[in-house]
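[1] Sequence first, then the predicted structure, then my questions.
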Amino acid sequence: MNRRHALAIVLALVPAAAGAQSPAPQAPAPQAAAPATPAVPIEPQGFDYDPEGRRDPFVSLIRRGTDSPRSTPAATRPPGLGGLETSEVTLRGTLQTRDEYVAILAGADNRTYIVRVGDRLLDGTIRSISATAVVVLQQVNDPLSLEKQREVRKTIRQADEAK
């Protein structure tokens, strides 16, 4: 069987299978414009991790329990001192009143706050104030840590000691 003969058989069978009577040449039909499909993003946008009581697998275990993660965006934090974490404040000075000491704290928001014992931060409470230091009782936000609170001592010369 040669090529011409095979081609004639194929052409004869194709219209018969399609229901046509004769193998008349057909003009190519104009192609209709395909409906535009929106581009599907490869990754979903705005993914949020919901731990449901489990730890986040992408958080390093090396820094475990040292600082609370910055899980609360600035938009949802309360204004003022109650919206600052312990790591975001620096002791600038202390004053002695008749009954007690008060502390002057500088926040990460470039504002100055005068605090007394019992004032609250975002992640802790002012526990005590002395002539040279402030002690903050910080809430540890780590499910693997055995301690749920720890004392953080902020001293006046803290910035000079770090150099």
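    The structure has been received and is ready for your questions.

[2] From here on, just use CA atoms for contacts and neighbour counts.
    Noted.

[3] What does G82 show for phi and psi?
    Main-chain dihedrals, G82, degrees, to the nearest 10: phi -70, psi -10.

[4] Figure out the helix or strand that I9 lives in.
    Element membership for I9 (DSSP states H and E) is helix 3-18.

[5] and that helix, average pLDDT?
    Helix 3-18 shows a mean pLDDT of 63.

[6] who's in contact with E147?
    Counting by CA atoms under 8 Å, 6 or more residues apart in numbering, E147 touches V140.

[7] Adjust the sequence numbering to begin at 23 for everything that follows.
    Okay, using 23 as the starting number, the last item reads as E169.

[8] tell me the secondary structure for it?
    At E169 the chain is in coil, as set by DSSP: H, G, I helix; E, B strand; the rest coil.

[9] low pLDDT regions in the protein?
    23-30, 32-71, 82, 84-97, 180-185 (pLDDT under 70).

[10] quick one: the strands in it?
    111-118, 123-129, 134-137, 146-151, 155-161, 171-177 (DSSP state E).

[11] In JSON lines, list those strands along with distance to E74 and mean neighbour count.
    Formatted as JSON lines, the strands of the chain follow (distance: least, CA to CA, whole Å; neighbours: other CA atoms under 10 Å):
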{"stretch": "strand 111-118", "distance to E74": "31", "mean neighbour count": "18"}
{"stretch": "strand 123-129", "distance to E74": "32", "mean neighbour count": "20"}
{"stretch": "strand 134-137", "distance to E74": "35", "mean neighbour count": "16"}
{"stretch": "strand 146-151", "distance to E74": "24", "mean neighbour count": "20"}
{"stretch": "strand 155-161", "distance to E74": "20", "mean neighbour count": "22"}
{"stretch": "strand 171-177", "distance to E74": "22", "mean neighbour count": "17"}
